[in-house]
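Asks: structural data only, the sequence is not supplied:
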């Protein structure tokens, strides 16, 4: 009942043995499916380590020490485990020599397998046996014998027409008084798997090209400024100079209703090449700029703290008269008709309090802007009040002669750009495209073949059909039936 | 009518379809079979409408994005994909045997995420990195792939259980363990849900009232219960072996179905990884950064690649490939859910 292991697929897919060379055992090793499968499993297993332990340039390696401490519960052993892991490269696993060696093993296996099997596959596709032996007809999974009351030549024409209609390319041959016709289609489906394997090699090559000739860097430009300085990633923050300059004309952030979550942020950039403005473009996340093969991606942003402008709406509590005061930096402004003066102490773009309760800014992104304003009263005393932009109802000091509302503020912002040059990327995309098409042909198309033998018997012609498909055999069985029916119908109509 | 009502409607239909498919297989009654398919299709239509409605609701909220952006939405889409693949498969191969796997899986996916505590069902705005057409392509291909693997897993578990002659058969134990693990996870989620609804207090984390409880007693009882269920299933499984086997299609058919589902899943997962890489390159300038989600998707891909080679070239069949399919699905689950809860990385949003 249990169908555990069937014999390996049809003969002809096994590579022919090359006798007596010194490299024979090597070839045999690399062309073994078991070696390929074991390599895949080892690659999968070893990759897990790099997902559990934080990797350099991605996460914080120090976190691993905490992880080991949790695991061992003992600082000494955790430190030892940490040191050993570091030494054997577990914190940059995907760049270690042994990871590359495994990829090399996989590539070698792919290449050797393909090179050894391709000639046989090619023979099956290009030089099929047309005059199939009797045993071949007998052992075929799909067989049918028809008797047509037609001379052989006419019967052959009927069969040929049916093959053509079914999309089968036709060949013929004659042996021992019998005429043999052969038709096939979808032969290229046998190349799908080679395409897929080749595409993996291409992706590896693309990755190598990128890591050898490409670079990844970061640059920061304040609004209105121009720069050609970039900071290389992963090379001890070495700086480099671009062959052209980039100016940041403007940077803006839009927020979702509620004002906390950024909806969109974009920079208006100008490329200046040899003193000339050659390109103006607005970039945002998911919409980069490309110039001279170098790509600029919107990556981060922040406040420089310079060029601060803040507007405060002031209402005189007694008279109800309102004024808008615009502060530039920490100047002192009079509130007309009240004798009260305001000093802009500081603006916290992302207000929070530290452990001791002192106000601070968590980040330089305007997530929770708060203005600290010193109110200088006519009697010479002063009071410090905090104005929350998103919570105008919140008053930290009661009983002031003026009611203050923090309207808005702006300052010079900077845009953070990821700068990338990767000449291997097109090789990667070509490889990926090939892989998808290769898999499609390998899985969803099939090589379908039909053999026909026509032999005259008296005033009739015996037509023997045989056929097989390398995949999707159920649907081919139906097609084979229809082909036989069509030949019979036309043959009987003429006979 | 809002989208969550419609999701509940589809849930009821999938549950009814599950029952109908079991009756169909038990009595081999064609009419019941057609009924089961119709019920599934109606549930699917309701779910499709619900997804469409949720999409519109996101526009009403001023966000305007396809509902494929967080854990809840992706889980719903997973369920939808499982049913879609089943319905298409049934049309092409005229075989309803898979319904008995697909309908309960479709039900479980959407049911468990609907009752899981601390999973937000709100429509959230998209962070800038997610605002891309690549999101749609990437999520759709990945999840259709996952759905193919899910059905293959269900069929393989069935295969491992039905193909066993003896209780001590290691393959049988693997199959039963997989089945009981899934059932236990679902039961623990239901328990969380009941306690949360009953007390009105939201749980600090998943399985807080069972396996992950702070009380050692509760923890112990949960584990004893899980092992008990396993022992019971393991014992009963072979006792009614003949009757069980008669319920389902033959082993050869199951083996073939499991393989066909992987043949659908693998190219789709490949497309999912490729579109993810293309998107990452467009958003950050890096097509591959060895982030845990990426790496786990690659691990999953490697396991299924091993499956295909074992079957295509090395001629493995039956129990050995069924176990590979189970391992592959464990990797799918970890890639999809485990990474978000256990590891950290770029995909923290779902």
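Replies: Cool, got the structure. Predicted model only: the values in this text are computed from it and were never measured.
Asks: next secondary structure after the host helix or strand of residue B:17?
Replies: Of the helices and strands defined by DSSP states H and E, residue B:17 is found in helix B:3-27. As assigned by DSSP H and E, the chain's next helix or strand after helix B:3-27 is helix B:30-60.
Asks: right, is that next one up against chain A?
Replies: No. Contact between helix B:30-60 and chain A is absent, the nearest approach being 12.0 Å (criterion: Cβ under 8 Å from any Cβ of the partner chain). To be clear about C-beta, it is placed using only N, CA and C from the backbone, and glycine gets the same treatment.
Asks: pull the longest helix from the chain.
Replies: No chain in the question, so chain A it is. For chain A, the helix that runs over the most residues, judged by DSSP state H, is helix A:97-126.
Asks: to clarify, I was referring to chain B.
Replies: With DSSP H applied, the helix covering the greatest number of residues in chain B is identified as helix B:251-284.
Asks: that one close to chain A?
Replies: Yes. In terms of Cβ under 8 Å from any Cβ, part of helix B:251-284 sits within range of chain A, namely B:251-252, B:255, B:263, B:266-267, B:270-271, B:274, B:277-278, B:281-284.
Asks: and the longest helix of chain A, average pLDDT?
Replies: The average pLDDT within helix A:97-126 is 91.
Asks: checking my notes, residue A:278 in a strand, right?
Replies: Yes. Inclusion of residue A:278 in a strand is indicated when DSSP: H, G, I helix; E, B strand; the rest coil is applied.
Asks: in the chain, where is pLDDT below threshold?
Replies: I went with chain A, as the question did not name one. Chain A contains residues with pLDDT under 70 at A:1-20, A:235-236, A:258-259, A:495.
Asks: wait, chain B
Replies: When residues are selected by pLDDT under 70, those of chain B lie in B:344-350.
Asks: quick one: the helices in it?
Replies: According to DSSP H, the helices that chain B contains are B:3-27, B:30-60, B:71-93, B:99-115, B:133-162, B:170-199, B:216-239, B:241-247, B:251-284, B:292-312, B:319-333, B:339-342.
Asks: the residue in the stretch 51-200 of chain A positioned nearest to chain B - nearest residue in space that isn't next to it in sequence?
Replies: Proximity of the stretch 51-200 of chain A to chain B (Cβ to the nearest Cβ) peaks at residue A:51, 4.1 Å away. On the basis of Cβ to Cβ, 6 or more residues apart in numbering or on different chains, the spatially nearest residue to residue A:51 that is not a chain neighbour turns out to be residue B:292, at 4.1 Å.
Asks: one more: residue B:164?
Replies: By the measure of Cβ to Cβ, 6+ apart, the closest residue to residue B:164 outside its immediate chain neighbours is residue B:172, 3.3 Å from it.
Asks: ok, the one you found - contacts?
Replies: Neighbouring residues of residue B:172 by Cβ atoms under 8 Å, 6 or more residues apart in numbering or on different chains: B:160, B:161, B:163, B:164, B:166, B:234, B:237, B:238.
Asks: measure it to residue A:322 for me?
Replies: Relative to residue A:322, residue B:172 is positioned 81 Å away (criterion: Cβ to Cβ, to the nearest Å).
Asks: and for residue B:3?
Replies: Taking Cβ to Cβ as the measure, residue B:3 and residue A:322 are separated by 45 Å.
Asks: over to residue B:198?
Replies: Using Cβ to Cβ, residue B:198 is found at 54 Å from residue A:322.
Asks: these two: which has the busier surroundings?
Replies: Comparing residue B:198 with residue A:322 by other Cβ atoms under 10 Å in any protein chain shown, the one with more neighbours is residue A:322, at 12 against 8.
Asks: now do the SS call for the residue of the stretch 101-250 of chain A found nearest chain B.
Replies: For the stretch 101-250 of chain A, the residue closest to chain B is residue A:216, as judged by Cβ to the nearest Cβ, at 6.9 Å. Classification of residue A:216 into helix, strand or coil gives strand, according to three-state DSSP.
Asks: beta partners for it?
Replies: According to DSSP bridges, the partner residues bridging residue A:216 are residue A:420.
Asks: tell me who's in contact with it.
Replies: The neighbours of residue A:216, taking Cβ under 8 Å, 6+ apart as the test, are A:232, A:233, A:234, A:418, A:419, A:420, B:285, B:286.
Asks: and residue A:359, by the same measure?
Replies: Shown here is residue A:359, whose contacts under the criterion Cβ under 8 Å, 6+ apart are A:348, A:351, A:352, A:353, A:370, A:372, A:386.
Asks: who's it bridged to?
Replies: Following DSSP bridges, residue A:359 is listed with bridge partners residue A:353.
Asks: picking up where we left off before, now rank the contacts of residue A:216 by neighbours and give me the top one.
Replies: Of the contacts of residue A:216, with other Cβ under 10 Å as the count, residue A:420 tops at 24 neighbours.
Asks: these two touch, right, it and residue A:219?
Replies: No. Taking contact to mean Cβ atoms under 8 Å, the distance of 11.1 Å between residue A:420 and residue A:219 leaves them out of contact.
Asks: what number of residues are in the vicinity of residue 87?
Replies: If you meant another chain, say so; for now it's chain A. Summarising burial for residue A:87: neighbours were counted as other Cβ under 10 Å, giving 9.
Asks: oops, chain B please
Replies: Residue neighbour count, defined by other Cβ under 10 Å, stands at 17 for residue B:87.
Asks: quick one, phi/psi of residue A:268?
Replies: The phi and psi torsions at residue A:268 (degrees, to the nearest 10) take the values phi -100, psi 120.
Asks: do stretch B:111-128 and chain A meet at all?
Replies: Yes. With Cβ under 8 Å from any Cβ as the threshold, stretch B:111-128 lies in contact with chain A, specifically through B:125, B:127, B:128.
Asks: start and end of that stretch, how far apart?
Replies: 30 Å (Cα to Cα, to the nearest Å).
Asks: got the residues of the stretch 51-200 of chain A near chain B?
Replies: That would be A:51, A:52, A:55, A:58, A:59, A:94, which are the residues of the stretch 51-200 of chain A within reach of chain B (Cβ under 8 Å from any Cβ).
Asks: for the fourth one, list the residues it contacts.
Replies: This points to residue A:58. If you count contacts by Cβ under 8 Å, 6+ apart, residue A:58 has them with B:289, B:290, B:291.
Asks: those residues: which ones sit near chain A?
Replies: The residues of the contacts of residue A:58 that also fall near chain A, by Cβ under 8 Å from any Cβ, are B:289, B:290, B:291.
Asks: count of neighbours near the last one?
Replies: It refers to residue B:291. Other residues near residue B:291 come to 21 when the count uses other Cβ under 10 Å.
Asks: same check on the one 10 residues further on?
Replies: Here the count is done by other Cβ under 10 Å, and residue B:301 has 21 residues near it.
Asks: please name the nearest non-neighbouring residue to it.
Replies: For residue B:301, the spatially nearest residue (Cβ to Cβ, 6+ apart) is residue B:269, at 5.9 Å.
Asks: ok, whichever residue of chain B sits closest to chain A - contacts?
Replies: Residue of chain B nearest chain A, by Cβ to the nearest Cβ: residue B:285 (3.6 Å). Residue B:285 sits next to A:216, A:288, A:295, A:297, A:418, A:419, A:420, A:422 when contact means Cβ under 8 Å, 6+ apart.
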